[in-house]
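Student: output the structure for:
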Amino acid sequence: MMHDEPRTDPADQLAVINSAPDLSRSASVGERVTGVITLVALYAGLVISLESDLPPVAGAAVFVAATMLLLTWNGHHDGAARRRPHTRVEMAVRFCGVVFLCMPGAELIFDEGPDSLTGHLISAALPTAAAAVYFLLRWRR
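Tutor: Predicted structure coming up:
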C-alpha cells in the first residue's frame, strides 16, 4: 500500500491512531519544583539587584542573566519531547514576560525608573508574574 493511497480499513486506521505520539505528557514534580525555585530566584534577584544600586555594567549582567533564565525555560518547553505545542495565549504570555523584564532592566542599566522599595517590588513582580502564568498554562494538563 502506498502512503498516498487512502486507508479504508478501520483496523489500519486504528493502528495509525494508536501509533501516534501522545502529546499530553505532564510536567514532572522535579520540573515544577525547579520552576518555583526559578520564580523565587528571579523575583529575589531582581529586587535585591534593584535595591543594591548596582553600577550599569553589573545591572546589565543581571538583566542578561534574568533574560537568559526566562529564555532557557522557553527553550526547554519548545524542545521537550512529547509535549503539546504552545497555544497563542502561552506564546503571548511568554513574550510579555520578556517585555516586562525591560522595566527592571531599565532601572538596572540606565538608572531610570522608580527609586522606592515599592516601585522595585512592583517592577520585579511583573516579569515574575508573567513567568508564573506561563508555567501554570504549560502545566495545567
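Student: burial count for Arg131?
Tutor: I think there's a mix-up here, since residue 131 is Ala and not Arg. 27 (other CB atoms under 10 Å). For the C-beta atoms, the positions are set from N, CA and C on the backbone; glycine is no exception.
Student: now swap in Val29 and tell me
Tutor: Number of residues near Val29 (other CB under 10 Å) recorded here: 8.
Student: quick one: it and Gly59, what's the gap?
Tutor: Distance, Val29 to Gly59, using CB to CB, to the nearest Å: 35 Å.
Student: go on, Leu70?
Tutor: Remark: distance between Leu70 and Gly59 (CB to CB) = 17 Å.
Student: what do you get for Leu126?
Tutor: When distance is defined by CB to CB, Leu126 is 17 Å away from Gly59.
Student: who's more crowded, these two?
Tutor: In this view Leu126 and Gly59 are compared by other CB under 10 Å, and Gly59 has more residues nearby, 22 against 18.
Student: tell me the secondary structure at Ala27.
Tutor: What DSSP: H, G, I helix; E, B strand; the rest coil gives for Ala27 is coil.
Student: need the contact list for the residue nearest to it when sequence neighbours are not counted.
Tutor: For Ala27, ignoring the flanking residues on the chain, the nearest one in space by CB to CB, 6 or more residues apart in numbering is Trp139 at 4.7 Å. By CB atoms under 8 Å, 6 or more residues apart in numbering, Trp139 lies in contact with 26-27, 32, 35.
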